[in-house]
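Participant: need coordinates for the following:
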Amino acid sequence: MNQALKKTYRTQLTKLVDRANEMSDDNAPVDHKEAIVLINRLKSVNDSLKRVNIEVASEIPVDKIESECEKIIEYEDKAVAAIARLEFELSSAGGKYAASIVDAEEDGGSITAEGRAARAASTRAETKRAVRLPKLELIKFNGDYKMWPAFWEQFETAVHNNNDLGESSKFTYLKSVLTGNASITVQGLTSSSSSYKDAVELLKEQYGNNEKIADNYTQQLLALTPVKTKNDVVSLRKLYNTASKITRSLQTLGVSPQNYGMMVKSILLKALPFTMRTEFLKRQVTTNDNDDNESVAGSVISSKEISYEHQISQLLNFIKLEVESIE
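Facilitator: Model (predicted):
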């Protein structure tokens, strides 16, 4: 009997989820009344399915426990995601939830007026925590270290710090924007409020390490292709854009120019055509000679008076001016 109930509930839940997805994907305004009814039906069927799953747990053969657990998680995740999407549609439209709640099992009307009032209050409290994301496209994160700062900055503002969102809804949105290796990092966590905190900690531990991110940028610098001639404007522009982006990113991470300045300058100089490299060094010598009255040798070598940050800025500006003069 319980197995038959489980199959029936799963079939019904699938139909309700499909209907919820249709409403979310439709460009037409969401019918508030239908959405509220559908949300409560989803919750009711999902709760009933959970109870049946517990009751039939002892009947599952040992060799099928793992696959059955995966199915249980899959159905629960679909239900939570469908509910979150409907709540998002309602909150985005600026509508208000009805105080009443559709209950599929009122036990023949045995629920008292006080009970209904308590349910309504509970529903309003839950509604207050409903999804209220701004209308923006969340950045997808696939596990690329250099993309983590931008991804987390946006997600933290739009979702993580959004007090109107429950932990389960936050977890649903987090999983929806994770792909590739990042998705694998949180694989296996169930859709629950505690899982969101665990997922964030795992992701920060894996991808929020500034040293790993800085190392990744270093590898990008080392992989820069040398430009053979100053007439190759496309390659020079690419070199300038890449180097500028990396140095800005390192500064954003709080990495001191003293830690990467000499390396960046050396790599950039080697990537420049010989004529441009020679011209830059000559200009640097002349500038330092006029400003500080230093020796030529002392000027070519990074002097303490000139910060690494300033030297990199000079070099990038030199490349930029050369490119613009040719373009």
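Participant: quick one: the residue lying closest to Lys204 once chain neighbours are set aside from Ser169, how far?
Facilitator: Closest residue to Lys204 apart from its sequence neighbours, by C-beta to C-beta, 6 or more residues apart in numbering: Trp152 at 7.8 Å. For glycine as for every other residue, the C-beta is placed from the backbone atoms N, C-alpha and C. Applying C-beta to C-beta, to the nearest Å, one obtains 18 Å for the distance of Trp152 from Ser169.
Participant: now swap in Pro149 and tell me
Facilitator: In this structure, Pro149 and Ser169 are 24 Å apart, going by C-beta to C-beta.
Participant: between these two, which is the more surrounded one?
Facilitator: Neighbours were counted for Pro149 and for Ser169 using other C-beta atoms under 10 Å; Ser169 has more, 27 against 16.
Participant: gap between that one and Leu253?
Facilitator: As judged by C-beta to C-beta, Ser169 and Leu253 stand 30 Å apart.
Participant: could you do Asp164 as well?
Facilitator: Distance check for Asp164 against Leu253: by C-beta to C-beta, it reads 31 Å.
Participant: before we move on, what about Gln311?
Facilitator: When distances are taken as C-beta to C-beta, Gln311 and Leu253 turn out to be 20 Å apart.
Participant: more neighbours: which of these two?
Facilitator: Counted by other C-beta under 10 Å, Gln311 and Leu253 do not tie: Gln311 has more neighbours, with 18 against 13.
Participant: next up, phi/psi of that one, please.
Facilitator: Note on Gln311: backbone dihedrals following degrees, to the nearest 10 are phi -60, psi -40.
Participant: I'd say it and Met263 touch.
Facilitator: No. At 11.8 Å, Gln311 does not count as touching Met263 under the criterion of C-beta atoms under 8 Å.
Participant: list the buried ones in stretch 147-157?
Facilitator: Of all the residues in stretch 147-157, those buried under the rule 16 or more other C-beta atoms under 10 Å are Met147, Trp148, Pro149, Phe151, Trp152, Gln154, Phe155.
Participant: nearest to Val227 among those residues?
Facilitator: Closest approach between the buried residues of stretch 147-157 and Val227, by C-beta to C-beta: Met147, at 26.3 Å.
Participant: show me the contacts for the closest one.
Facilitator: For Met147, the contacting residues are Ile139, Phe141, by C-beta atoms under 8 Å, 6 or more residues apart in numbering.
Participant: can you give me the neighbour number for Glu309?
Facilitator: Around Glu309 there are 15 other residues, counting by other C-beta under 10 Å.
Participant: sec struct for it, please.
Facilitator: Counting by DSSP: H, G, I helix; E, B strand; the rest coil, the backbone at Glu309 sits in helix.
Participant: grab the nearest non-local neighbour of Thr190.
Facilitator: For Thr190, the nearest residue in space outside its immediate sequence neighbours is Ile73; the separation is 5.7 Å by C-beta to C-beta, 6+ apart.
Participant: which stretches of this structure have low pLDDT?
Facilitator: Counting by pLDDT under 70, the chain has low-confidence residues at 1, 26-29, 58, 62, 92-136, 286-306.
Participant: Three-state assignment for the residue most central in space within the chain, please.
Facilitator: Averaging the C-alpha coordinates of the chain gives a centre point, and the residue nearest to it by C-alpha atoms, centre = their mean is Phe151 (4.4 Å). With three-state DSSP as the basis, Phe151 sits in helix.
Participant: wait, isn't it in contact with Ile139?
Facilitator: Yes. Using C-beta under 8 Å as the test, Phe151 is close enough to Ile139 to be in contact (4.8 Å).
Participant: what do the two both touch?
Facilitator: With C-beta under 8 Å, 6+ apart applied, the overlap between the contact sets of Phe151 and Ile139 consists of Val177.
Participant: so Ser183 versus Ile36, what's the distance?
Facilitator: Using C-beta to C-beta, we find Ser183 at a distance of 32 Å from Ile36.
Participant: looking only at neighbour counts, state which of these two leads.
Facilitator: Remark: of Ser183 and Ile36, Ile36 carries more neighbours, 23 against 16, as counted by other C-beta under 10 Å.
Participant: double-check that that one belongs to a helix.
Facilitator: Yes. Using three-state DSSP, the assignment for Ile36 is a helix.
Participant: quick one, phi psi at Phe141?
Facilitator: Recorded main-chain torsions at Phe141 are phi -130, psi 120, according to degrees, to the nearest 10.
Participant: can you check Val56 too?
Facilitator: Here the main-chain torsion angles of Val56 (degrees, to the nearest 10) amount to phi -100, psi 0.
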